[in-house]
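Q: Okay, predicted coordinates and the sequence, questions at the end:
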Amino acid sequence: MEVKDHLLAGDAAIKPLVKSPNVSGPFKTGLPDTIIIHYTAGSSAESSVRSLCNPAAKASAHLVVGRDGSITQLVPFNIIAWHAGKSAYGDRVGYNNYAIGIEIDNAGVLTKTGDVYQAWFGRTYPSNEVLYAVHRNEKSPRYWHTYTEQQIEAVETICRALIPAYNIKTILGHEEISPGRKVDPGPAFPLDKMRERLLNIGGRDEDDAPVLPPAGRVNVDKLNIRSKPDVSGDTVAKPLEKGVKVKILDKSGNWYKITTEIEGWVSGQFLDAES
């Protein structure tokens, strides 16, 4: 995946451009230098794309990532989109003027009634798509719609293309620039781990003397086993189920080479290392 003429290119997951009219002018020189991660709190990527292209909504984003990892671009990266709203972080106010906005198709906060988990728009979700966790800005746990492996991998791949193209220095959640007003992407998204990897916080090269735990346990509902340590690698078997214990053979970046009945590579963010 790469950026060409301020548009994503070079990946089969990228859908045709759908232009949103909800934009300002171009970014100032040297900007954008930040990425903001959001969830849509909607019922589907398609409905969110329609909403973000509706002039009455007065909102937009540069990208929408579907549950299947598909990517729809709405605004070129050199143009200001309307995704941050009232926002501040550090010495900056109004993050639309500084940041690329990525919206991820996710229902957000869910309400539990009996054994049913329901979104604000009425759709219900199975328990294997629900995380009970405390938000970074809250004190009590709530129910959250989980993200798919395809979405998390897509967002990381997108960020890896954007960082060198725009000299990205910061990756933040909407919850961090609008605390108290926004809670996305929420605790179901591995924001802290992802930005540590992407921005190399701490200054350590992940490939230098990797610590290799002997085993791990799958921490996501379904984890693909790939032929090489990259999202472009072919899947070589049925996905591993949550809770399955595997033997770790090797490490490359954030990927573990594992073996159960078959040998292959899995994304390390979906594996809890064990001794």
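A: In hand now; what should we look at? Residues are numbered from 1 along each chain as shown.

Q: Return the set of residues that bridge with residue 271.
A: Under the criterion DSSP bridges, residue 271 forms beta bridges with residue 218.

Q: Surely it and residue 215 touch.
A: No. Using Cβ atoms under 8 Å, residue 271 makes no contact with residue 215, being 9.4 Å away. Placement of C-beta: from N, CA and C, glycine included.

Q: between these two, what contacts are shared?
A: Common contacts of residue 271 and residue 215 (Cβ atoms under 8 Å, 6 or more residues apart in numbering): 246, 248.

Q: Those two: who's more crowded?
A: Higher neighbour count among residue 271 and residue 215: residue 271, with 25 against 14, using other Cβ atoms under 10 Å.

Q: Would you map the strands across the stretch 51-200 of the chain?
A: Assigned by DSSP state E, counting those that start in this stretch, the stretch 51-200 of the chain shows strands spanning 63-65, 71-73, 79-81, 88-89, 92-93, 99-104, 109-113, 116-118, 124-125, 130-134, 141-145, 170-173.

Q: how about those, which one is nearest residue 23?
A: Residue 23 lies closest, by Cβ to Cβ, to one member of the strands of the stretch 51-200 of the chain: strand 79-81, at 5.2 Å.

Q: quick one: that closest one to chain centroid distance?
A: Here strand 79-81 shows a centroid-to-chain-centroid distance of 20 Å under the convention Cα atoms, centre = their mean, to the nearest Å.

Q: Name the residues that touch that strand?
A: 6, 20, 22-27, 60-62, 74-75, 96-97, 100-101.

Q: Stretch 170-188 too?
A: With Cβ under 8 Å, 6+ apart, stretch 170-188 has contacts from 33-39, 41, 83-89, 95, 99, 104, 106, 108-109, 131, 133-138, 144-147, 159, 189, 191, 194-195, 198-199.

Q: For ChimeraX, write the selection for the buried entries among those.
A: Filtering the contacts of stretch 170-188 down to the buried ones (16 or more other Cβ atoms under 10 Å) takes a single ChimeraX command:
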select :34,35,36,37,38,39,41,83,84,87,89,95,99,104,106,108,109,131,135,144,145,146,147,159,189,191,194,195,198
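
Q: Can you flag which of the contacts of stretch 170-188 belong to helices?
A: 159, 191, 194-195, 198-199 (DSSP state H).

Q: Of those, which is the nearest to residue 243?
A: Distances from residue 243 to those, taken by Cβ to Cβ, are shortest for residue 194, at 22.9 Å.

Q: Skipping adjacent residues, who's closest to residue 34 in space?
A: Distances taken as Cβ to Cβ, 6 or more residues apart in numbering place residue 99 nearest to residue 34, at 4.0 Å, with adjacent residues excluded.

Q: State the distance from that neighbour to residue 38.
A: The gap separating residue 99 from residue 38 is 10 Å, by Cβ to Cβ, to the nearest Å.

Q: okay, and the common contacts of these two?
A: Counting by Cβ under 8 Å, 6+ apart, the residues touching both residue 99 and residue 38 are residue 83.
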